[in-house]
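> Turn this into a model:
(one chain, ligands or ions: 2)
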Amino acid sequence: MKKTLHDNFFIRKTRIRNRICVPPMVCYHWTDGSGVVSDRHVEHYRAMAHGGAGLIIQEATCITREGRLADTQLGIWEDSQIDGLRRITEAVHAEGCPIFVQIHHAGIVGIEEHAFCPDTYILRRGGIEKHGVKMQEEDIARIQQAFIDAARRAYEAGYDGVELHGCHSYLMCQFLNHRINQRDDRYGIHPELFITEIVDGIRQIVSEDFVIGIRLGAFEPTLADGIRHAQALEAHGIDFLDISYGFTGEDEPVKPDDFPYKDIIYAAGEIKRRVSIPVFAVNGMRVAEDAHGVLERTGVDMVDIGRSTLVNPSWAADALAGRDTGRCLDCAVCQWRIDADQCAGRKLLRKKRQME
Ligand SMILES: Cc1cc2nc3c(=O)[nH]c(=O)nc-3n(C[C@H](O)[C@H](O)[C@H](O)COP(=O)(O)O)c2cc1C
Ligand code: SF4
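Numbering: from 1, shown residues only. Ligands and ions are numbered 1, 2, ... in the order given. Got it, this is the predicted structure:
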């Protein structure tokens, strides 16, 4: 049956009210080193839920203080953070929208100088060279437990599920990509094992309806690897696959010349054809026609609208009603990250609406 943006569907018992998802997007500088939720976070997520999103996946929220990607990242590493997180889930649920939280560890890409990595990989970015600290078995067990504890906190805070951050160069993605992970033990021979053991641990401590999904790199380094990981995780009971980029610089993106959307959207479609769980696609969808086109062309179940929802928190409601949504203008440097009021897409939409 033809999918439309208006369709609702279920992941476990969570009802998703339409096919438009707000993907995780870190709000830099909205908290301090404590990682505790601020009033701004609550209002930000409330606004996007009020704006009609079918599902919100909360920004990368770190499972240990040492694993942060930025020193002002939201945290889920200690129980004292649960009350703040619950303020977000209550605000979003009051608007009839489900919410998952993306749980995250940055690994070698983190802020620590001596950061964990599955192997002795040397990261070279922006003229800087960083040597990963190879994780010993006891480090692996400790970080896996930190993911499981974070999921328990998410469950207690009222989230409908968690999304494991398994892409964008971060720790789980480092395990999956054989150009980074060349271990000769079971975590190298079975690259998904680090993740599947976490999934098993979470399943033991949450109720049956709690959703466990993953944001997964499609090119890790090749699409064939991405497909293999997706199938292995499906076989292990993961509930959904949110497909994005893998480890930057160690990936080989591909798409046919006549495919009109991003290479990872093509890859999401290829993965969808080979699994039976929900698959989400992301990147570069700006207006409703893009979202309709991606659903039709790829058969995925959900479209992630990222920066265009930062421009217009009611992007989903406007798209569903056939109104002008506004759009992200792909600025060379995203000003929203620094000051939302300076976002060029927001300013333009505001001006257009004043003139109507
Ligand atoms: C400000 C900002 C923060 C982001 N933070 C995250 C994050 O926490 N986790 C994640 O998986 N992706 C993150 N992303 C990537 C987005 O989820 C999304 O994949 C990307 O923006 C492409 O989609 P778009 O073209 O619809 O914006 C972030 C992107 C932006 C612009
Ligand atoms: S600042 Fe530019 S790139 Fe960032 S969300 Fe706004 S329009 Fe898009």
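> Tell me the helix or strand right after the longest helix seen in the chain.
Longest helix of the chain, by residue count under DSSP state H: helix 137-157. Downstream of helix 137-157, the next assigned helix or strand under DSSP states H and E is strand 161-166.
> So which bits of that following strand are buried?
161, 162, 163, 164, 165, 166 (16 or more other CB atoms under 10 Å). Just so you know, the C-beta spots here come from the backbone N, C-alpha and C atoms, and that holds for glycine as well.
> repeat for stretch 219-230
By neighbour count on 16+ other CB under 10 Å, the buried set for stretch 219-230 is 219, 220, 221, 223, 225, 226, 227, 228, 229, 230.
> Check stretch 109-128 too.
109, 110, 115, 116, 117, 118, 119, 121, 123.
> ok, now stretch 332-349?
Neighbour-count burial for stretch 332-349 [16+ other CB under 10 Å]: 334, 335, 336, 337, 343, 345, 346, 349.
> I'd say the third one and residue 343 touch.
Yes. Applying CB atoms under 8 Å, one finds residue 336 in contact with residue 343, separated by 4.2 Å.
> residues shared between the contacts of those two?
The contact sets of residue 336 and residue 343 overlap at 310, 311 (CB atoms under 8 Å, 6 or more residues apart in numbering).
> Do a quick rundown of the strands in the stretch 201-350 of the chain.
Along the stretch 201-350 of the chain, the stretches classed as strands by DSSP state E, counting those that start in this stretch are 211-217, 241-244, 279-282, 302-304.
> ok, now the stretch 1-150 of the chain?
9-11, 14-16, 20-22, 55-62, 99-104, 116-117, 122-125, 128-131, 133-134.
> Minimum distance to residue 237: which of those strands has it?
strand 9-11 (12.6 Å; CB to CB).
> list the contacts for the residue nearest to residue 328 when sequence neighbours are not counted?
Computed as CB to CB, 6 or more residues apart in numbering, the closest residue to residue 328 that is not its neighbour in sequence is residue 307, at 3.7 Å. Residue 307 makes contact with 25, 328, 334, 336, 345, according to CB under 8 Å, 6+ apart.
> Pretty sure the first one sits against residue 306.
Yes. Distance between residue 25 and residue 306: 5.8 Å, which falls inside the contact criterion (CB under 8 Å).
> The two: who's more crowded?
Legend: neighbour count by other CB atoms under 10 Å for residue 25 and residue 306, higher for residue 25 (21 against 18).
> measure that one to residue 164 for me?
Computed as CB to CB, to the nearest Å, the residue 25 to residue 164 distance reads 17 Å.
> for residue 94, same thing?
Distance, residue 94 to residue 164, by CB to CB: 27 Å.
> With residue 185 instead?
In terms of CB to CB, residue 185 sits 21 Å off from residue 164.
> Okay, now the unreliable bits of this structure?
For the chain, no stretch has pLDDT under 70.
> all helices of it, in order?
Counting by DSSP H, the helices of the chain are 39-50, 82-94, 137-157, 171-176, 186-189, 193-203, 223-235, 263-272, 288-298, 307-311, 315-320, 344-355.
> Can you say which of the ones you listed is packed in most?
With neighbours taken as mean count of other CB atoms under 10 Å, the helices of the chain reach their highest mean count in helix 171-176, at a mean of 28.
> Residue 271: what's it in contact with?
If a contact means CB under 8 Å, 6+ apart, then residue 271 has 218, 226, 227, 230, 241, 243, 279 as its contacts.
> Report the spatially nearest residue to it, omitting neighbours in sequence.
In space, residue 271 is closest to residue 230, 4.8 Å off (CB to CB, 6+ apart).
> From what I see, residue 68 and residue 110 are in contact.
Yes. Counting by CB under 8 Å, residue 68 sits close enough to residue 110 to count as a contact (6.0 Å).
> ok, the closest residue to residue 29 other than its chain neighbours - contacts?
Nearest residue to residue 29, sequence neighbours excluded (CB to CB, 6+ apart): residue 72, at 5.0 Å. Contact partners of residue 72, counting by CB under 8 Å, 6+ apart, are 28, 29, 30, 31, 32, 33.
> Next, the contact list for residue 189, please.
Contacts for residue 189 (CB under 8 Å, 6+ apart) come out as residue 183.
> Up against ligand 1, what does the stretch 151-300 of the chain have?
165, 168, 215, 244, 282, 283, 284, 285 (CB under 6 Å from any ligand atom).
> Quick check: the fourth one touching residue 220?
No. The criterion here is CB under 8 Å, and residue 244 misses it with residue 220 at 10.6 Å.
> Which members of the contacts of residue 271 additionally contact ligand 2?
Near ligand 2, by the rule CB under 6 Å from any ligand atom, you find none of those.
> Can you tell me which of those residues is nearest residue 254?
Nearest to residue 254 out of the contacts of residue 271 is residue 218 (CB to CB; 9.5 Å).
> Might one say that that closest one is in contact with residue 241?
No. Using CB under 8 Å as the test, residue 218 is too far from residue 241 to be in contact (9.5 Å).
> Spell out which parts of the stretch 201-350 of the chain neighbour ligand 2.
By CB under 6 Å from any ligand atom, the residues of the stretch 201-350 of the chain that approach ligand 2 are 307, 310-311, 328-331, 334-336, 343-345.
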